[in-house]
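Participant: Next comes the sequence, and after it the predicted model I'd like to discuss.
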Amino acid sequence: MTQKSIIAYLNTMLERKSLELLILVVSFLKRLSIYKENKDVMKEMNVVSKLNKMIPHQSDILVSLILRLILNLSFDKDIRTQIIKCGMLPKLVNFVKEETHRVFALCILYHISVDDKCKGLFSYTDIVPIIVHILQENEEGQLDMELMALCVNITQNTKIAGHFAQNLRLLLRQSLKNRDSLMLKMVRNILSHDVPEKKVVLSSINEIVSIVKDCAHEEITVELLGVLAELNLPEIDFRQLVTEYNLVPWISRNLAPANKVADDVVLEIVRFVGNVVRDEACAQLFANAGLPNTLIELITAKQEDDEIVLQILYVFYQMIFHKCTRELLIKQSQAPAYLIDLMHDKNTEVRRMCDTTLDIISEYDDEWATKIQYEKFKWHNSQWLEMVTQGNDPEVDSYDDDYLPREMMLSGDSTADLLYQHEQDGYRDHPYADYPYGDHRDYGGYPGEEEGYHPGDHLQHPGFHGGEGEFPGHLAGHYREQEEDYDYYQQHYNQFGNRMMSPDEEAMYEASHPMYGGPPMALGQEPRNAGYMTNLDSFSRTLENWHLRS
């Protein structure tokens, strides 16, 4: 179909006015839209913009076909963006009022609400009063799953949750009466925001706790525990609530790893505990019942679940603030040790919670403060400590005493910039030895040594550097070569920077230098390696040192 350009022809016919033709064209496009290739072509042609101009329409058949076509296309994120840009969202919301088109409109709206950036756009429509009206009409019956799924998504937005919170009493009463887990999730999302209507839940809190203990449906238990975890109100006496309904044994039993309770239930129980232990009397009640040790066992069993681990750490964080539980947590449990182990967890939030809790522990216990400081030092300096440990390891090869590492040979400001190298490794034992490119022992000693000349004598000779004097006998040629080499170094210092020449580079250089039989170097030509000295300054200092020693 794409090769025949059928979609392009159909897109053009969407501008016609004949109802029968439009029904036929939209029906054909709906059938084609189930294939990805055709859907991509419709996206490129922006078919949604033309469909937007056709609704609302007096023909329910045509409207139904258009909504079903849009539903097929709305699985694509880019097409959902086109739906928003063309202004179709308010029209789709209005279709929710009509039972004929409600299901398809709700499905399209649900797809749009999946994108976090689009959730806030619903606050500029009439979606909240429309949904509240539907809830009031169906207070005794079960609501459409599409409707409740849409409500769960859009109540994650603070502004929309504030609009729904005005009817929180109705939502809570209806959800508890019908045991509707999706509506309870909607109520839980509303309570997760800072809305003043939270106090409405206080009148139903006893009923909620009773259902939590006795309900056999996991979904309802999870949502009701989530509702209790969001009730951070100072008006609630959590100690009385926990004592009246004997929640401590029930919580300890469900948190024990041996009982293998579902992870969702465990997570919400830990969140509920983290909420109630903010009360000091309630925190002491749980501490005396051995809850810290139970949580440590749980954190070991669920160490791969970052959310459960994070919520357990939050419980420790809240209990560390109370004096009555602080000593028990630090002295009589392994909580600080586990916090240190999790201090370098891959999860950012886990690390942040550990650091915050450990800082509080350090303020109240000097012994743990020293341990925590030591562990942090080890972590921040792990690379340095590893190098030091390897340096003290007898199995690790160390440098010989007669020469230094390459990186430490030249300090740049020392008068001892002599290069001690190992002959077996291809380096010299003697510092430079008066020959810029050779070893004096390879040539039978220093030039002129038999006549009483020593290294550095030529520096003071009147013939050095253009003087009028002449070097005696056969030494004239040798020292003249050194003078030329010295002058060359003044113009061209080591092209390799602060680095020694390797044996391979040395062989390459010797093969190219005139002293070793290589071709003569032209004036101004860069050497392949300018020798063993790292720069001109160190070369000059070496010559001066030789002179002082001689």
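Facilitator: Ah, there it is.

Participant: So what's the residue count around residue 313?
Facilitator: Burial measure for residue 313: 26 neighbouring residues, criterion other C-beta atoms under 10 Å. C-beta coordinates here come from the backbone N, C-alpha and C atoms, glycine included.

Participant: so after whichever strand or helix holds it, what's the next helix or strand?
Facilitator: Under the criterion DSSP states H and E, the helix or strand holding residue 313 is helix 306-319. Once the chain leaves helix 306-319, the next helix or strand it forms, by DSSP H and E, is helix 323-331.

Participant: Could you figure out how far that following helix is turned away from helix 306-319?
Facilitator: For helix 323-331 against helix 306-319, the angle between stretch directions is 120 degrees (axes from the mean of the first three to the mean of the last three C-alpha atoms, to 10 degrees).

Participant: Show me the contact partners of helix 323-331.
Facilitator: Under the contact criterion C-beta atoms under 8 Å, 6 or more residues apart in numbering, helix 323-331 has outside partners 277, 280, 283-284, 287, 292, 316, 319-320, 335-336, 361, 364-365, 368.

Participant: Out of these, which end up buried?
Facilitator: The neighbour-count test (16 or more other C-beta atoms under 10 Å) marks 277, 283-284, 287, 292, 316, 319-320, 335-336, 361, 365, 368 as buried among those.

Participant: Nearest to residue 4, out of these: which one, please.
Facilitator: Comparing the buried ones among the contacts of helix 323-331 against residue 4 with C-beta to C-beta picks out residue 316 as the nearest, at 67.0 Å.

Participant: Surely that closest one and residue 298 touch.
Facilitator: No: because the distance of 11.9 Å does not satisfy C-beta atoms under 8 Å, residue 316 is recorded as not touching residue 298.

Participant: I'd like the distance between residue 88 and residue 254.
Facilitator: Using C-beta to C-beta, to the nearest Å, residue 88 is found at 47 Å from residue 254.

Participant: which element is the nearest residue to residue 167 once chain neighbours are set aside on?
Facilitator: Closest residue to residue 167 in three dimensions, ignoring its sequence neighbours and counting by C-beta to C-beta, 6 or more residues apart in numbering: residue 132, at 5.2 Å. Using DSSP H and E, residue 132 maps to helix 127-137.

Participant: what residues does that helix touch?
Facilitator: With contacts defined as C-beta under 8 Å, 6+ apart, helix 127-137 is touched by 93, 96-97, 109, 143, 147, 150-151, 154, 160, 163-164, 167, 170-171, 174.

Participant: measure residue 373 to residue 359 for me?
Facilitator: Using C-beta to C-beta, one gets 11 Å for the distance from residue 373 to residue 359.

Participant: List the buried residues of stretch 204-213.
Facilitator: Of the residues in stretch 204-213, those with enough neighbours to count as buried (16+ other C-beta under 10 Å) are 204, 208-209, 211-212.

Participant: same thing with stretch 171-179?
Facilitator: Those would be 171-172, 174-176, 178, for stretch 171-179 by 16+ other C-beta under 10 Å.

Participant: re earlier: which residues are contacting the helix holding residue 313?
Facilitator: Defining contact as C-beta under 8 Å, 6+ apart, one finds that helix 306-319 is touched by 263, 266-267, 270-271, 273-274, 277-278, 283, 286-287, 291-292, 295, 298-299, 302-303, 325-326, 329, 335, 339, 342, 345, 347, 349-350, 353-354, 356-357, 360.

Participant: returning to what we had before: make JSON lines out of the buried ones among the contacts of helix 323-331 and add secondary structure.
Facilitator: As requested, the buried ones among the contacts of helix 323-331 are arranged in JSON lines below (DSSP: H, G, I helix; E, B strand; the rest coil):
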{"residue": "277", "secondary structure": "coil"}
{"residue": "283", "secondary structure": "helix"}
{"residue": "284", "secondary structure": "helix"}
{"residue": "287", "secondary structure": "helix"}
{"residue": "292", "secondary structure": "helix"}
{"residue": "316", "secondary structure": "helix"}
{"residue": "319", "secondary structure": "helix"}
{"residue": "320", "secondary structure": "coil"}
{"residue": "335", "secondary structure": "helix"}
{"residue": "336", "secondary structure": "helix"}
{"residue": "361", "secondary structure": "helix"}
{"residue": "365", "secondary structure": "coil"}
{"residue": "368", "secondary structure": "helix"}
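
Participant: from those residues, which single one is nearest residue 68?
Facilitator: Of all those, the one sitting nearest residue 68 is residue 277; the distance, using C-beta to C-beta, is 52.1 Å.

Participant: thinking again about what came up before, comparing residue 88 and residue 254, which shows the higher neighbour count?
Facilitator: When residue 88 and residue 254 are compared for neighbours, residue 88 comes out ahead with 20 against 16, by other C-beta under 10 Å.

Participant: so what's residue 264 closest to, chain neighbours aside?
Facilitator: The shortest distance from residue 264 to any residue that is not its chain neighbour, by C-beta to C-beta, 6+ apart, is 4.9 Å, and that residue is residue 222.

Participant: Check residue 284 too.
Facilitator: Counting by C-beta to C-beta, 6+ apart, residue 284 lies nearest to residue 324, which is 4.6 Å off, once chain neighbours are set aside.

Participant: From residue 296, how far off is the one you found?
Facilitator: Shown here: residue 324 relative to residue 296, a distance of 19 Å by C-beta to C-beta.

Participant: These two - which one has more neighbours?
Facilitator: Between residue 324 and residue 296, counted using other C-beta under 10 Å, residue 296 has the larger neighbour count: 17 against 13.

Participant: right, and the more buried one touches residue 337 too?
Facilitator: No: here residue 296 does not reach residue 337: they are 9.1 Å apart, not a contact under C-beta under 8 Å.
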